[in-house]
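Enquirer: model the following, please.
(one chain, ligands or ions: 1)
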Amino acid sequence: MSKRIFFAGGGTGGHIYPSLAAAEALEKRADLDISFFCSERAVDSEILDNQPYSFFPLPAEKFGLNFSFAAGFIKSLLKSIRILKRSKPCVVVGCGGFVSAPVLLAARLLAVPSVFINIDIIPGRANRLFINMCREVYLQFEDTLKYFDSGKVAPLVTGCPLRNAFSQPEKLYKPSFLSPDKKLLLVSGASSGALSINKAMCLLAVEFERFAQSWQIVVIAGRGKSDELREVYAGREIEAHILEYTDQMPPLLANASLAAGRSGALSVAEYAFSGVPAVCIPYPYHKDQHQLLNARKLEEKGVALIAEDCRDDYQSTADNLRNSLFPLMEDEKRLEEMKKKSLNLGSGRNAAELIAERICSF
Ligand SMILES: CC(=O)N[C@H]1[C@@H](OP(=O)(O)OP(=O)(O)OC[C@H]2O[C@@H](n3ccc(=O)[nH]c3=O)[C@H](O)[C@@H]2O)O[C@H](CO)[C@@H](O)[C@@H]1O
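Expert: Numbers count the residues shown, from 1 in each chain. Below you'll find the predicted structure:
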């Protein structure tokens, strides 16, 4: 009988794609039966529907001192206990988001070994509590080591596991909707889209027209968030493709001359691995400002600039974006230099293989 492994994470792409990367690497190693616990958000099932793994959505909700969090947590705990008891996995792999916690607790109660993939530079407080119940934790950044009590959990800096598609040349084709002879600026608000980036892109639409000869733009606006952008860019001279969500991120990044967008833990790993210079616009509402720290990692290497998101002041965000972006779009030599420096920060398939090797040992 094949060994069973459960991954637990969800709510955003950044909490599922690293698990998928590890799952792809695991599949090559052994005859395994891999399943996922995810959240009930549409993004999770959209991603997992296209994968060969079974998955179980849980009603867990974002942490909060309220009834709906408590009810969601208890229901998720009971459901995961039931499923884990029946399936008898050899290991449970947490990957962040509010779904991990109840599953890791269930694993603990059933004495099933657990490990955790933590790609964030500062792990969330709730995550830290549960990660310390795990046997091992796999980290993207060395700076994260200090958050774990190595007496309780064995931390290992592996880098960020990236999906196979990022390293397979045949998956890095030029998407057919792109013009063959123009450079690509890829603007992304990550898996949920970002209102302030969309607004800033609307405010800059007229100014982008002066790049119409040599540049095209792809904007990933987020589900249900594309209408205004489509309206503003319709009939403009600059070629702009407005998408809500795409499963072609690896080929888009491989063909991009410049990226602009959020600096979630996975996005920065993907910019670096794909060798794309970036203008990072960190999400400004996290208390710990971890997206700003992620962006600084790239900035320190000379492969990214940072444009501050000024929250509801969309005009200031647009000004910041313009001031970082336009000089780069005008300066091919500088972009080339940044691209050359854009080294893989230790992420990619190697990280996925390392993690798979560890998981297989359980
Ligand atoms: C607002 C927020 O709380 N964001 C957090 C969330 O990021 P979130 O999941 O939004 O963003 P990440 O940058 O970590 O990952 C986004 C992932 O979605 C993929 N993608 C995106 C758009 C698209 O159309 N298609 C597609 O495939 C990207 O290629 C990437 O793989 O989790 C990360 C990992 O814990 C954190 O670092 C972020 O701070």
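Enquirer: in the stretch 251-362 of the chain, which residue sits nearest the ligand?
Expert: Residue nearest to the ligand within the stretch 251-362 of the chain (CB to the nearest ligand atom): residue 264, separated by 2.4 Å. For every residue, glycine as well, the C-beta is placed using N, CA and C.
Enquirer: what about that residue, how many residues nearby?
Expert: Neighbours of residue 264 under the rule other CB atoms under 10 Å: 26.
Enquirer: look up the pLDDT of it for me, please.
Expert: pLDDT, residue 264: 97.
Enquirer: which residues of the stretch 51-200 of the chain fall in strands?
Expert: Here the stretch 51-200 of the chain has its strands, by DSSP state E, counting those that start in this stretch, at 54-58, 91-94, 114-118, 136-139, 154-157, 183-188.
Enquirer: whoops, the stretch 251-362 of the chain was the one
Expert: Taking DSSP E, counting those that start in this stretch, the strands of the stretch 251-362 of the chain run over residues 258-261, 278-280, 304-306.
Enquirer: which residue ranges of the stretch 151-300 of the chain form helices?
Expert: Remark: helices assigned in the stretch 151-300 of the chain by DSSP state H, counting those that start in this stretch are 195-203, 205-208, 227-233, 249-255, 265-274, 290-300.
Enquirer: biggest helix in the protein by residues?
Expert: helix 67-87 (DSSP state H).
Enquirer: buried set for that one?
Expert: 72-73, 76-77, 79-81, 83-84 (16 or more other CB atoms under 10 Å).
Enquirer: which one among the residues you listed gets closest to residue 205?
Expert: Taking CB to CB as the measure, residue 205 lies nearest residue 72 of the buried residues of helix 67-87, at 40.5 Å.
Enquirer: circling back: I'd like the strands of the stretch 51-200 of the chain laid out as TSV, including mean pLDDT.
Expert: TSV is the format used below for these (pLDDT from 0 to 100):
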stretch	mean pLDDT
strand 54-58	98
strand 91-94	98
strand 114-118	97
strand 136-139	96
strand 154-157	94
strand 183-188	98
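Enquirer: now these in JSON lines, with distance to the ligand and mean neighbour count?
Expert: Listed next are the strands of the stretch 51-200 of the chain as JSON lines, based on distance: least, CB to the nearest ligand atom, whole Å; neighbours: other CB atoms under 10 Å:
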{"stretch": "strand 54-58", "distance to the ligand": "17", "mean neighbour count": "19"}
{"stretch": "strand 91-94", "distance to the ligand": "12", "mean neighbour count": "28"}
{"stretch": "strand 114-118", "distance to the ligand": "8", "mean neighbour count": "28"}
{"stretch": "strand 136-139", "distance to the ligand": "12", "mean neighbour count": "25"}
{"stretch": "strand 154-157", "distance to the ligand": "16", "mean neighbour count": "16"}
{"stretch": "strand 183-188", "distance to the ligand": "6", "mean neighbour count": "24"}
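Enquirer: distance to residue 218 added to those strands, as CSV?
Expert: As requested, the strands of the stretch 51-200 of the chain are exported to CSV (distance: least, CB to CB, whole Å):
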stretch, distance to residue 218
strand 54-58, 29
strand 91-94, 32
strand 114-118, 28
strand 136-139, 31
strand 154-157, 33
strand 183-188, 5
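Enquirer: and residue 215, which of these is closest to it?
Expert: Among the strands of the stretch 51-200 of the chain, strand 183-188 sits nearest to residue 215 (CB to CB), with 5.1 Å.
Enquirer: which residues touch that closest one?
Expert: 178, 197, 201, 214-220, 252-253, 255-262, 267, 276, 325, 329 (CB atoms under 8 Å, 6 or more residues apart in numbering).
Enquirer: tell me the contacts of residue 109?
Expert: Residues in contact with residue 109 (CB under 8 Å, 6+ apart) are residue 81.
Enquirer: related to what we said a few turns ago, okay, the helices of the stretch 151-300 of the chain, which one's buried deepest?
Expert: Of these, the one with the most neighbours on average (mean count of other CB atoms under 10 Å) is helix 265-274, at a mean of 27.
Enquirer: tell me which other helices or strands that one touches.
Expert: If you count contacts as 3 or more CB pairs under 8 Å, 6 or more residues apart in numbering; DSSP states H and E, helix 265-274 packs onto helix 249-255, strand 278-280, helix 290-300.
Enquirer: contacting residues around it?
Expert: Contacts of helix 265-274 (CB under 8 Å, 6+ apart): 13-14, 17-18, 119-121, 140, 159-160, 162, 166, 188, 190, 249-250, 253-254, 256, 259, 261, 277-278, 280, 290, 294-295, 297-298, 301, 303-304, 342-345, 347-348.
Enquirer: about what we covered before: for the residue of the stretch 251-362 of the chain closest to the ligand, give me its contacts.
Expert: Contacts of residue 264 by CB under 8 Å, 6+ apart are 12, 14, 190, 283, 291, 294.
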